[in-house]
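**Student:** Sequence and predicted model, in that order:
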Amino acid sequence: MCGRFALTATPDQTAALLGLAELDEFPARYNISPTQPVLMALAGPPRSPGSNLPDRQAMLVRWGLIPTWVKDTKEFPLLFNARSEGVFEMASFKTAMRHRRALVPASGFYEWQQSGTAKGQPYWIRPRRGGVIAFAGLVETYAEPGGSEMDTGAILTTHASAGIAHIRDRMPVVIDERDFARWLDCRTQEPRDVLDLLKPVEPDFFEAIPVSDLVNKVANTGPEIQERGVVGPQPEKVRRQKPGADDNQMTLL
């Protein structure tokens, strides 16, 4: 899953990656969490003949997708992630997958290595080569009962690549820059035509840096949350044993 990420690239760097003419100024964000506004890029309207305008548009969306058919948002779960496996068949995501695929610029994301019942050791997971990347996203515009509209979105996830699977078994889908146009093209590319893009990155694409538990609190938003921390000893798993069992005997688990 992906429950926290960061975007510390400049607006110019982000616009250059996404193929946008320009972006309004925004500060570096080190601890983006669900329900907060996130930047996404979608395909824009078709270009007019001879036009030099970009065919992609940027928008801020609430991180947590709400399908159009939801009646009571208080009773609906927070869909900040969408599992890529079968996403084009899931009621909550299939319309957005067909009509509103998006790119989510990011400098990396956070994940927690579970240890028993504790939250676990947090890691800052970033591209080994540095720079800004783009996660696969979906956008849905939700009409509230009062008549106002709210743009909402989710990040697609897939199986973790071998390089970070020891931390968590899921990771965001990263869209290669060469595939941006195909992923965003909802006019000619059906969901089934882009399913091959919903795969893990190469094992050495990311590097995982252990950090302190400062990232656990949404209120902590400074660069210090990405500073390398010390990995504490992981508690040993207690093997359950039947009364009278002999440790020297072989068991089938």
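**Tutor:** Arrived safely, thanks for sending. Residues are numbered from 1 along each chain as shown.
**Student:** show me where this protein has strands.
**Tutor:** For the chain, applying DSSP state E gives strands covering 5-7, 29-32, 37-43, 56-63, 81-83, 101-106, 108-115, 118-127, 133-143, 149-159, 170-172, 206-210.
**Student:** Tell me which of those strands lies nearest to Pro200.
**Tutor:** Closest of the strands of the chain to Pro200 is strand 149-159, at 5.5 Å (criterion: Cβ to Cβ). All C-beta spots, glycine's among them, are computed from the backbone N, C-alpha and C.
**Student:** partners of that closest one, with directions?
**Tutor:** Strand 149-159 sits in its sheet next to strand 56-63 (parallel), strand 81-83 (parallel), strand 133-143 (antiparallel), strand 170-172 (antiparallel), going by DSSP bridges.
**Student:** tilt between it and strand 108-115?
**Tutor:** Counting by axes from the mean of the first three to the mean of the last three Cα atoms, to 10 degrees, strand 149-159 lies at 60 degrees to strand 108-115.
**Student:** distance between strand 149-159 and the chain's centre?
**Tutor:** Strand 149-159 sits 8 Å away from the centroid of its parent chain (Cα atoms, centre = their mean, to the nearest Å).
**Student:** Now do that strand against strand 101-106, angle only.
**Tutor:** Going by the same axes, to 10 degrees, strand 149-159 is angled at 80 degrees with respect to strand 101-106.
**Student:** before we move on, the earlier item: export the strands of the chain as a markdown table, with columns for distance to Thr221, mean neighbour count and mean pLDDT.
**Tutor:** Below are the strands of the chain laid out as a markdown table (distance: least, Cβ to Cβ, whole Å; neighbours: other Cβ atoms under 10 Å; pLDDT from 0 to 100):
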| stretch | distance to Thr221 | mean neighbour count | mean pLDDT |
| --- | --- | --- | --- |
| strand 5-7 | 10 | 23 | 98 |
| strand 29-32 | 5 | 21 | 98 |
| strand 37-43 | 14 | 23 | 97 |
| strand 56-63 | 15 | 19 | 96 |
| strand 81-83 | 21 | 19 | 97 |
| strand 101-106 | 16 | 27 | 98 |
| strand 108-115 | 13 | 20 | 92 |
| strand 118-127 | 14 | 19 | 92 |
| strand 133-143 | 20 | 22 | 97 |
| strand 149-159 | 19 | 21 | 97 |
| strand 170-172 | 20 | 23 | 98 |
| strand 206-210 | 18 | 18 | 98 |
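**Student:** For those strands, give me JSON lines that also has distance to Asp193.
**Tutor:** Formatted as JSON lines, these follow (distance: least, Cβ to Cβ, whole Å):
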{"stretch": "strand 5-7", "distance to Asp193": "27"}
{"stretch": "strand 29-32", "distance to Asp193": "30"}
{"stretch": "strand 37-43", "distance to Asp193": "14"}
{"stretch": "strand 56-63", "distance to Asp193": "19"}
{"stretch": "strand 81-83", "distance to Asp193": "18"}
{"stretch": "strand 101-106", "distance to Asp193": "11"}
{"stretch": "strand 108-115", "distance to Asp193": "27"}
{"stretch": "strand 118-127", "distance to Asp193": "26"}
{"stretch": "strand 133-143", "distance to Asp193": "14"}
{"stretch": "strand 149-159", "distance to Asp193": "15"}
{"stretch": "strand 170-172", "distance to Asp193": "21"}
{"stretch": "strand 206-210", "distance to Asp193": "27"}
